[in-house]
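Asker: no sequence on this one, just coordinates:
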């Protein structure tokens, strides 16, 4: 049962949300529902909500409440995936491409995700199609096309058409009386850019004692959702301090600790820890 303090905070949050534009509330609610579906590991709900979120451009205005500084934040689309959903696009693709009772829902979400990544992060899109990786998106969708046919034929055809990288069109942010703040780059976004930089720079890799091939494989692992810091170490570009030890600071607000765990361990491992903590907190006390 929620404490009186938690109930009061919920009331303050709701009162603040009620002052926001309806479109901001909708984008925030869709993102929250998608996060809950990801936590519940419900592929059909994830596919349906993901497609809706992308069509609604949910990343443009997310209401983030704190007693000290409630604010509306605008994310870049892939930044929204990493910082709000705590998943890489490749992880999301593999969820929506899993067998579903209604395959058209998964295929529809896959098409939306293809357009999103190609438009806003073309370098990532190219790597996700890399033929050197047997798990690439083209192979994944072709397998679905053979297994289920129907809507996955359209999804595979759409992926084939989207082969040339292009720049995403940026639209104005949601208007209204509330200032929209640009989200700061998160740990995963910064590390992705660092890995991409070394993957294209043999000279820089040589200085670090590594190779572009090694970095590129680490980048593939990163895009598959592997822990960010582990990918840096596997790439051979970690600093001396990063190699010496890897500690996670667990003091501070709960949501900040959760973010650090996800960034460091990856979403799957962090979710397993969260489940284990819940189990420990809810199991009956041993009676001696």
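Answerer: Structure received. Keep in mind that this is a model prediction, so the values were computed, not measured. Residues are numbered from 1 along each chain as shown.

Asker: From now on I want contacts and neighbour counts done on CA atoms only, so please keep to that.
Answerer: Will do.

Asker: What about residue 91, how many residues nearby?
Answerer: 17 (other Cα atoms under 10 Å).

Asker: With the one 3 residues further on instead?
Answerer: The local packing count at residue 94 equals 17, with neighbours defined by other Cα under 10 Å.

Asker: so how far is residue 208 from residue 230?
Answerer: Going from residue 230 to residue 208 by Cα to Cα, to the nearest Å gives 16 Å.

Asker: Between those two, which has more neighbouring residues?
Answerer: Taking neighbours as other Cα under 10 Å, residue 230 and residue 208 compare with residue 230 leading, 20 against 15.

Asker: For this protein, give me the ranges with low pLDDT.
Answerer: Along the chain, the parts satisfying pLDDT under 70 run over 1-2, 164-179, 240-249, 263-269, 285-288.

Asker: now the strands for it?
Answerer: Remark: strands assigned in the chain by DSSP state E are 62-64, 71-74, 180-182.

Asker: Quick one: these as CSV, columns for mean neighbour count too.
Answerer: As requested, the strands of the chain are exported to CSV (neighbours: other Cα atoms under 10 Å):
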stretch, mean neighbour count
strand 62-64, 20
strand 71-74, 20
strand 180-182, 16
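
Asker: how about the ones you listed in a markdown table, adding distance to residue 8?
Answerer: Formatted as a markdown table, the strands of the chain follow (distance: least, Cα to Cα, whole Å):
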| stretch | distance to residue 8 |
| --- | --- |
| strand 62-64 | 17 |
| strand 71-74 | 19 |
| strand 180-182 | 25 |
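
Asker: in the stretch 1-150 of the chain, which spans are helices?
Answerer: 4-17, 22-40, 43-56, 77-83, 89-96, 103-120, 122-128, 137-148 (DSSP state H, counting those that start in this stretch).

Asker: relative to helix 4-17, how tilted is the longest one?
Answerer: Interaxial angle, helix 22-40 versus helix 4-17 (axes from the mean of the first three to the mean of the last three Cα atoms, to 10 degrees): 140 degrees.

Asker: Now do helix 22-40: everything it contacts.
Answerer: Contacting residues not belonging to helix 22-40 are listed as 17, 43, 45-46, 49-50, 52-53, 56-63, 84-85, 174, 271 [Cα atoms under 8 Å, 6 or more residues apart in numbering].

Asker: The fifth one now?
Answerer: Contacting residues not belonging to helix 89-96 are listed as 43-44, 46-47, 78, 81, 106-107, 109-110, 113, 117, 128, 223-225 [Cα under 8 Å, 6+ apart].

Asker: what does the fourth one give?
Answerer: Under the contact criterion Cα under 8 Å, 6+ apart, helix 77-83 has outside partners 57, 59, 87-89, 116-117, 120-121, 185-186, 188-189, 259.

Asker: I only care about those residues that end up buried; give me the ChimeraX line for that.
Answerer: Per 16 or more other Cα atoms under 10 Å, the buried members of these correspond to this ChimeraX selection:
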select :59,87,88,89,116,117,120,121,188,259
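
Asker: now the contacts of helix 77-83 in a markdown table, with distance to residue 135?
Answerer: Shown next, in a markdown table, are the contacts of helix 77-83 (distance: Cα to Cα, whole Å):
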| residue | distance to residue 135 |
| --- | --- |
| 57 | 28 |
| 59 | 28 |
| 87 | 17 |
| 88 | 15 |
| 89 | 14 |
| 116 | 19 |
| 117 | 17 |
| 120 | 22 |
| 121 | 19 |
| 185 | 28 |
| 186 | 26 |
| 188 | 21 |
| 189 | 22 |
| 259 | 27 |
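
Asker: In this structure residue 61 contacts residue 180, no?
Answerer: Yes. The pair formed by residue 61 and residue 180 meets the contact definition of Cα atoms under 8 Å, at 7.1 Å.

Asker: and the gap between residue 209 and residue 86?
Answerer: Applying Cα to Cα to residue 209 and residue 86 gives a distance of 31 Å.

Asker: Tell me which of the two has more neighbours.
Answerer: residue 86 (21 against 11).

Asker: give me every residue that touches residue 99.
Answerer: Contacts of residue 99 (Cα under 8 Å, 6+ apart): none.
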